[in-house]
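Provide a 3D model corresponding to the input given below.
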Amino acid sequence: MSENGYFSRFGGRYVAEILRRPLEELETAFAGAMADPAFVAELEELRADFIGRPTPFLYAENATRETGGARIYVKMEGLAHTGAHKINNAIGQALLARRMGKKRVIAETGAGQHGLATASACAKLGLECVVYMGEVDVRRQQPNVASMELYGARVVAVTSGSRVLKDAINEAMRDWASSFADTHYLIGSALGPAPFPDIVRTFQSVIGTETAEQIRARGLDVEALVACVGGGSNAIGFFSPFTTLSSPRLIGAEAGGVGPGVGENAVRMTGTAASDGILQGYKSRFLVDADGQVAETRSISAGLDYPGIGPELAALGESGRIEFTSVPDAAALEALAFFARTEGVLFALESAHAGAAALEVARRAPKDKAVIVNMSGRGDKDIFITSPVFRPEEWRRFLRAELERLESGVDIHVFGGSR
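Take a look at the predicted model:
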């Protein structure tokens, strides 16, 4: 837990006066809910029956054989309802919002998985849902946008700034500042002003708790746990039970993008482009340009292109407890294809960054050790990004045929009639 909202020198609550009251109200409500056996029992029931927990713990036998080093295990968060770890936090915060008497929930999303999870949780609990999503991400994550709308959410395309995740967060914060009386802002990553980093880590720590139990059940000697890191919700949840221990190694994989230059990646914890700063209500490490402004980022994965990192992860990285590495787009794509071919498991592009880092660690580690990678999401959401890479001609033909079918009006129907 943080100390007065801080993890070492990172964290805090740097917000306009108008948001102090709702944040204090949220902090009090969260503490009360987690101390209430009835709330915890309902959360556990939803985890089991709605999310489908516990998620499997797969021994990647074929991948291990080909790699030739440590045994590789995959924590299969992609098999949770809605296809990623995001649902753990979404259902927890939505349940908290209902307990607080809020009727409306707003959220930001990048890759779309948090928006999808929030829309699903709100549908389940009977809450109005609005999702802010950068216009760039709306275009490249259409399958998730379509599913959010089916769940009844209103998806707002953000056209300001770079039109990606950081801009979606800005719009959501502006909305909340004028609507907090009946609205809860359901932040999807372990960042933002206190108490959000503590809340998100708490709801995501179910990943690490289950992993620790699965490690004990199999009697594994673990070399390392590996997770991808954007804002950091899957990583801090996965690492949570282990952060106060001296082992195993904890490794965070950031988006190396297409190169080391400013604007070519989203690397915050290694390299020289990031510095301490305050953005969106908290202090952490942020990518900035030569003028000290928030820098453009680049990653093939929409969920890893955020310019900052959660404050607890920043503190753990600075202390040396978490080791950070960067994974280029090309290596992530190679890892995605490798795990698909060897294990029949399709990683999300975000998770594939962790997969690539895990393969490198496993190759160098002794065979009696284990390396565990958190597959934070599954890759069906990325079909519009990966198909043009892996099968470009077939994808072009498919899109042309679909466009012709749509323009011809054949078999095109809308709910309640045809057009």
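
quick one, domains of this structure?
What automatic domain parsing lists as the domains of the chain is 6-49+85-197, 52-82+204-383.

Could you report the pLDDT at Gly416?
Listed pLDDT for Gly416 reads 55.

Revised request: answer the last question for Val15.
Val15 is given a pLDDT of 95.

I'd say it and Gly281 touch.
Yes - with contact defined as Cβ atoms under 8 Å, Val15 and Gly281 form a contacting pair (4.7 Å). Glycine gets a C-beta too; all of them are placed from N, C-alpha and C.

Compare the two and say which is more crowded by neighbours.
With neighbours defined as other Cβ atoms under 10 Å, Val15 and Gly281 compare such that Gly281 has more, 21 against 18.

low-confidence ranges in the protein?
Within the chain, the segments meeting pLDDT under 70 span 410-419.

CA-only coordinates of the lengthiest strand in it in PDB, if you can.
Ranked by residue count under DSSP state E, the longest strand found in the chain is strand 249-257. Extracted in PDB, the C-alpha atoms of strand 249-257 (Å, rounded to 0.1, in the frame of the first residue of the first chain):
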ATOM      1  CA  ARG A 249      13.200 -11.800 -10.400                       C
ATOM      2  CA  LEU A 250      10.400  -9.500 -11.500                       C
ATOM      3  CA  ILE A 251      10.800  -8.300 -15.100                       C
ATOM      4  CA  GLY A 252       8.700  -5.600 -16.800                       C
ATOM      5  CA  ALA A 253       8.700  -5.400 -20.600                       C
ATOM      6  CA  GLU A 254       8.100  -2.000 -22.100                       C
ATOM      7  CA  ALA A 255       7.300  -1.100 -25.700                       C
ATOM      8  CA  GLY A 256      10.600  -0.700 -27.700                       C
ATOM      9  CA  GLY A 257       8.600   0.400 -30.800                       C
END
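
Can you name every helix or strand that that strand contacts?
Judged by 3 or more Cβ pairs under 8 Å, 6 or more residues apart in numbering; DSSP states H and E, strand 249-257 is in contact with strand 222-228, helix 311-319, strand 322-328, helix 329-343, helix 349-364.

which secondary structure elements does the helix or strand following that strand contact?
Per DSSP states H and E, the first helix or strand lying C-terminal to strand 249-257 is strand 274-279. Packed against strand 274-279, as judged by 3+ Cβ pairs under 8 Å, 6+ apart, are the following elements: strand 282-287.

okay if I get the domains of the chain as JSON lines plus distance to Glu394?
Compiled in JSON lines, the domains of the chain are given as follows (distance: least, Cβ to Cβ, whole Å):
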{"stretch": "domain 6-49+85-197", "distance to Glu394": "18"}
{"stretch": "domain 52-82+204-383", "distance to Glu394": "12"}
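
Tell me which of these lies nearest to Arg397.
Smallest distance to Arg397 across these (Cβ to Cβ): 14.9 Å, for domain 52-82+204-383.

how long is the closest one from one end to the other?
Domain 52-82+204-383 stretches 24 Å from its first residue to its last (Cα to Cα, to the nearest Å).

give me the beta-bridge partners of the residue nearest to Thr183 when sequence neighbours are not counted?
Closest residue to Thr183 apart from its sequence neighbours, by Cβ to Cβ, 6 or more residues apart in numbering: Arg104 at 4.4 Å. Applying DSSP bridges to Arg104 gives these bridge partners: Glu128, Thr183.

do the one 4 residues further on as well
Following DSSP bridges, Glu108 is listed with bridge partners Tyr132.

my read: it touches Met133, true?
Yes - the pair Glu108 and Met133 passes the contact test of Cβ under 8 Å, sitting 7.4 Å apart.
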